[in-house]
Structures are given as C-alpha cells and as structure tokens.
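Q: Provided below are the primary sequence and the corresponding predicted coordinates.
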Amino acid sequence: MLIYLLMALAVAQPAPESAIEDPQLDTPRTRSAERLRRMLGAEPADPLPLQSVTESIDRRHPRFRSAMLDVQRAEGALLQSQGPFDPNLIARTRTLAAGFYGYSFGNAMLEWTPGPFSVYGGWRIGVDTWDRAGIPVYYQDKWTLQGGEARVGLSIPLLEGLVTDPARTQRTIAALDIDRTEAMADAIEIQLRQQAAVAWVGWVASGRMLALERALLDIAQIRQTAIEARITLGDLPQLEELRNLQFLARRRASLENAIGSFEAASQHLSLFLRDDQGARLTAAADRVPKAESPPAAALSRNEDLLVRFALDRHPELEAMRAVIEQRQAAARLARNRLLPDIRVFGEASQDFLGGGDAVPSLEPFNLMIGVQGSMPVLNRSARGMKAATEAQVDGARADLRWAEDQIEARVRQAAARERAALEGWRAATEAVALALRIQEAEQRAFDFGKVDLLRLWQIEQETAAAIHTEVNAWARYETARAELIAAVGGQIPGT
C-alpha cells in the first residue's frame, strides 16, 4: 500500500507557475516523493512480520505456559500412579525384654506387584532367648530354627484382576491424560497464534492507515505553500486558500483519530509480542511492513484435503480421542469387576539350622499351594459402575462426532471466507491502481487551472477511500487466512 501512497504523493505536489510550461512537470513531484518516502518509512529498516509475533508466543506467553504446566501435572500424576507397582520392603523386629517368656522375632520381606500377579520373598526368624520359658504356645507359628526361614510366594488372579485392576487402570488413565493435556496445549497454542495473527493484522492495517493520513495531511500542507504562491501571482482566487485550510483541519482531525487507533492496536498486539523474559513489547509505526501483492492462489484451493487433514490431526479431536480411551479403560475395569475374584497362590519356605538343634516339627522345606475366591451375591456396585462407564464412553463418542462436524464446518466456512477475501483484495488492488491514475490526471488538470481545488480534493478523498478499502480487504484476507490455518489445526498441508 505504501507504494500506492508514494505514487499518490508523487502526483500531489502542485507545480509552481514557473513549472507549468516546463515539459518535465514530474521533476518537482519526484523530489517531494523522495522527501516523503523518508518521512513515511516506505522501506522499514526493521519490519515486524507475523512470524516474529507468533514465534514469541511459545513458552513465553502466560496462557501457553499454564497449559504446559498442566502437562507437567499430568506427568506427575502418571508417576504417582506407578507407585503401587514399586517393590515394597518391609522389616520388623520384636524382642521380649522382660517377662515370663523369652523370645525374639524378626521379619524382612520384599513385595512386588509388576502386573496381574504379586510376588514376595524374604527371611524371618523366631527363636527362644534369655533361657526362660521360650516362645508361648499362641506364637508357635512364628517359631523357626536358629538360622531363620527363607520363603518366596506367588499370587495369580484367574478371573477378576487378570486383565486389569484399579491400579493398572489408573496408570493407563494417567498416561492417556498426558496425551490429552499435550493435545490441549497444542490447541491453545493454535488459538493464541490465531489471536496473535488477528492482532498483528489490526496493527498493520492501522499503521498503514496512519501512514495514509499523514501523507494526505502532508499533501495538503505542501499544496498550501504552492497555493499561496499562485494566489500571489494571480493564478488562483483567494477562496482556494481558505478551502485548502479547511481541508487541512479535516485531515489533522483524521490523523489524530488514526494515531489513537494505531496506539490501541499496538497495545493489543503487545499481548502476544513478548521478549525473552515474557514481558510485553510495543511495536512502533516505523516497523509496519510494506504492502504486499495478493497471492496467486488461495490456500483453500483443495478444500476436501484440508477437511481430511483437520479430522485426522486437529489437536481438539486428539484430546477428545484420549478422553474416549480413558473412559474405555474405566469401562474395562467395571466389566472385569463383574467376574469372581479367584486366585491361586503358593509359597515355598526353607528353615536353616544356623548352629542350633533340629526340631522335628519344623521341616527343613515346605511347599504350600491354595485357592481363594470371593464374589458379592448381588454385585450391584460393579453392575452400576459398568452401566455408568459405558454410558460415559458412548457420551464421549457422541461428543467427538459433534466436534468432528464442527471442525469440518469450521474448515469449509474458513475456506469460503478465504477465497472470497482473496478475490475482494484483488479487486480492491485494481481499484487503487485506477484511482491513482485518475488522481494523476486530475492533478495535472489542476496544475494547468482546468479544475478547481474542490474537485482535486474530492478526487484525493476517493483515492484515499480506495486505499482504505484495499487495506481493509487485505486485513479481511489475512484474518480469513489465520482462521483457516487454525481451523485445519495450525498447519496447511503442503505449505
């Protein structure tokens, strides 16, 4: 757009009387355009592209950081859920220090439940001490030989608990919660990038409108000097000076409004533009990028591909799929708890003499096997849990179908807006080019006294309106483009 402005400024300088008959009428206007090019910053030394804004979001934006901390919470919950699968070491000793009996007991046991089965192993000892009555009858099960007893055992569920159990289900749900929170963090990042793009578009558009208002005011100020000179020479009536002063007042008011709009847009952009420490940055007007030409083709030219891509990879859908898997894990646990709890177990033990005497009642080696079973008669708790969890699974699937419909509609709506906005931008660009040609012709007619200042001012206003329309058309396209990228899932395939 600044190119258009420079073209407008190049033809806006009224030629002095001495230059009217000069065949090189463009010479004074060219010098004026060079001065205005430096003033307006047509080629900013440090432009602020959209990529610089979106890249500054990342972990520096408070909302995205909050989402990443939610991922860390889920990782902590996963580690916590693995606690029941840690080996557990138990040690206990007890000695009767005074009393009728005399005995000492000791026990060290390592228990581990790596999956559906549990194993344990350890050593225990229970011996007479103090040369008194020894171990009482009611503690005879704790009696070992002098070297103690080593034992190992195993417990295996046959039905309930074989496929899953509360601890394993919780671990599965916690692992899936990491997938869910990561997907939600991605979705929040996409949303922030879209909001940042909209803020950047508003900042650039207001910056270009600010440049336009400054250029229009500068044109009127330059013309005022030329008008005064021509009135002195008798080439223009005195009324033209008053009329131009009126135009100057209007353009000063328009410039103040443009300054306010740009400052407000800069504050909005600072919500997303941040430094390495996460502090907000305010971009100045001299960083507004120069105008671009419309692209050759729309991003949404292959709409069906974009829909398939979004349905397959959109983070919002990935998060919902993780929720479905979490509820399916809970439903599997509920169905498993309907089964009887039947377990087989076995234990092998070996006593050691340890320098003491053999005791016939304590065999040196023992092997024990057994079966244990239980099941509630009505089992209403498990049946109720099964009904509730299966309903939750069906509800999550229905939510996913609705979300998929919304994603598809969102992509197709954004694609339609992007294509329409691109055509509107192209048409507005052509209108600006035509308006500039008309203004140049009217400027020449004014220089030769064929049209009055009011006519020239009206033509300039029409050119400004055309440029305003082109800026708005560019903004609509960039906004629609950002909406389309967000609807697809943050990335357009093939770009």
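A: Nice, I can see it. Residues are numbered from 1 along each chain as shown.

Q: can you report how many residues lie near residue 347?
A: Residue crowding around residue 347 was assessed by other C-beta atoms under 10 Å; the count is 16. Quick note: C-beta positions are derived from backbone N, CA and C, even for glycine.

Q: for residue 311, same thing?
A: A total of 17 residues lie near residue 311 under the criterion other C-beta under 10 Å.

Q: what about it, which helix or strand?
A: Residue 311 is part of helix 303-313 when elements are defined by DSSP states H and E.

Q: what does residue 368 give?
A: When elements are assigned from DSSP H and E, residue 368 belongs to strand 365-374.

Q: report the angle between the helix or strand following that strand and helix 303-313.
A: Going down the chain from strand 365-374, the next helix or strand is helix 380-447, by DSSP H and E. Angle of helix 380-447 versus helix 303-313, following axes from the mean of the first three to the mean of the last three C-alpha atoms, to 10 degrees, is 140 degrees.

Q: tell me the mean pLDDT for helix 380-447?
A: For helix 380-447, mean pLDDT rounds to 92.

Q: list the beta-bridge partners for the closest residue to residue 366 other than its chain neighbours.
A: Distance criterion C-beta to C-beta, 6 or more residues apart in numbering; nearest residue to residue 366, sequence neighbours excluded, is residue 349 at 4.8 Å. For residue 349, the beta-bridge partners under DSSP bridges are residue 151, residue 366.

Q: pLDDT wise, what is residue 349 at?
A: Confidence per residue is given as pLDDT, and for residue 349 that number is 92.

Q: any idea how far it is from residue 321?
A: 50 Å (C-beta to C-beta, to the nearest Å).

Q: do the same with residue 102
A: Remark: distance between residue 102 and residue 321 (C-beta to C-beta) = 66 Å.

Q: burial count for the residue nearest to residue 366?
A: Taking other C-beta under 10 Å as the criterion, the count of residues near residue 349 is 18.

Q: wait, is residue 91 part of a helix?
A: No: when classified by DSSP: H, G, I helix; E, B strand; the rest coil, residue 91 is found to be strand rather than part of a helix.

Q: verify the contact between it and residue 111 for me.
A: No: taking C-beta atoms under 8 Å as the definition, residue 91 is not a contact partner of residue 111, at 11.9 Å.

Q: those two: which is more packed in?
A: Here residue 91 and residue 111 are compared on neighbour count by other C-beta under 10 Å; more neighbours surround residue 111, at 15 against 11.

Q: and residue 228, what element?
A: Assigning secondary structure by DSSP H and E places residue 228 in helix 166-232.

Q: what pLDDT does residue 39 get?
A: 40.

Q: tell me who's in contact with the nearest residue to residue 184 once chain neighbours are set aside.
A: Closest residue in space to residue 184, ignoring its immediate chain neighbours: residue 319 at 5.0 Å, by C-beta to C-beta, 6+ apart. Listed by C-beta atoms under 8 Å, 6 or more residues apart in numbering, the contact partners of residue 319 are 179-180, 183-184, 187.

Q: let's verify residue 319: helix, strand, or coil?
A: Look at residue 319: counting by three-state DSSP, its state is helix.

Q: what residues are up against residue 199?
A: Residues 53, 265, 268-269, 271-272 are the ones in contact with residue 199 under the rule C-beta under 8 Å, 6+ apart.

Q: can you do 7 Å?
A: For residue 199, the set of contacting residues under the criterion of C-beta atoms under 7 Å, 6 or more residues apart in numbering consists of 268-269, 271-272.

Q: could those be laid out in TSV, adding pLDDT and distance to residue 379?
A: As requested, the contacts of residue 199 are exported to TSV (pLDDT from 0 to 100; distance: C-beta to C-beta, whole Å):
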residue	pLDDT	distance to residue 379
268	95	60
269	95	61
271	92	56
272	92	56
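
Q: quick one: which of those residues sit in helices?
A: With DSSP state H as the criterion, helices contain 268-269 from among those.

Q: can you list the contacts of residue 199 in CSV and add neighbour count and distance to residue 167?
A: Supplementary listing: the contacts of residue 199 in CSV, determined by neighbours: other C-beta atoms under 10 Å; distance: C-beta to C-beta, whole Å:
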residue, neighbour count, distance to residue 167
268, 18, 50
269, 24, 50
271, 16, 44
272, 22, 44
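
Q: between the contacts of residue 199, which sits nearest residue 122?
A: residue 272 (60.4 Å; C-beta to C-beta).

Q: so the closest one makes contact with residue 55?
A: No: taking contacts as C-beta atoms under 7 Å, residue 272 lies outside contact range of residue 55: 10.3 Å.

Q: now do the closest residue in space to residue 192 that isn't next to it in sequence, the pLDDT please.
A: Taking C-beta to C-beta, 6+ apart, and ignoring the residues beside it in sequence, residue 192 has residue 57 as its nearest neighbour in space, at 5.1 Å. Residue 57 is assigned 80 on the pLDDT scale.

Q: and residue 57, what is it in contact with?
A: 64, 189, 192-193, 196, 272.

Q: where does confidence bottom out across the residues you listed?
A: pLDDT across the contacts of residue 57 is at its lowest for residue 64, which sits at 89.

Q: according to the record, where do the domains of this structure fall?
A: The domain map for the chain lists 2-77+180-324+395-488, 85-168+342-385, with the assignment taken from automatic domain parsing.

Q: worst average pLDDT in the ones you listed?
A: Mean pLDDT is lowest for domain 2-77+180-324+395-488 among the domains of the chain, at a mean of 83.

Q: phi, psi of the residue nearest to residue 280 when sequence neighbours are not counted?
A: Once its chain neighbours are removed from consideration, residue 280 has its nearest residue in residue 270; the separation is 4.1 Å (C-beta to C-beta, 6+ apart). Here the main-chain torsion angles of residue 270 (degrees, to the nearest 10) amount to phi -70, psi -20.

Q: how many neighbours does residue 270 have?
A: Look at residue 270: counted by other C-beta under 10 Å, it has 16 neighbours.

Q: try the one 4 residues further on
A: For residue 274, the number of neighbouring residues by other C-beta under 10 Å comes to 18.

Q: now do the one 4 residues further on
A: For residue 278, the neighbour count with other C-beta under 10 Å is 13.

Q: gap between it and residue 187?
A: As it turns out, when the distance is counted by C-beta to C-beta, residue 278 lies 21 Å from residue 187.

Q: give the buried residues for the helix or strand where residue 51 lies.
A: Residue 51 is part of helix 50-55, with elements assigned from DSSP H and E. The neighbour-count criterion (16 or more other C-beta atoms under 10 Å) identifies 50, 53-54 as the buried residues of helix 50-55.

Q: relative to the whole chain's centre, how far out is the following helix or strand past that helix?
A: Using DSSP H and E, the helix or strand that directly follows helix 50-55 along the chain is helix 62-81. Going by C-alpha atoms, centre = their mean, to the nearest Å, the spacing between the C-alpha centre of helix 62-81 and its chain's C-alpha centre is 14 Å.
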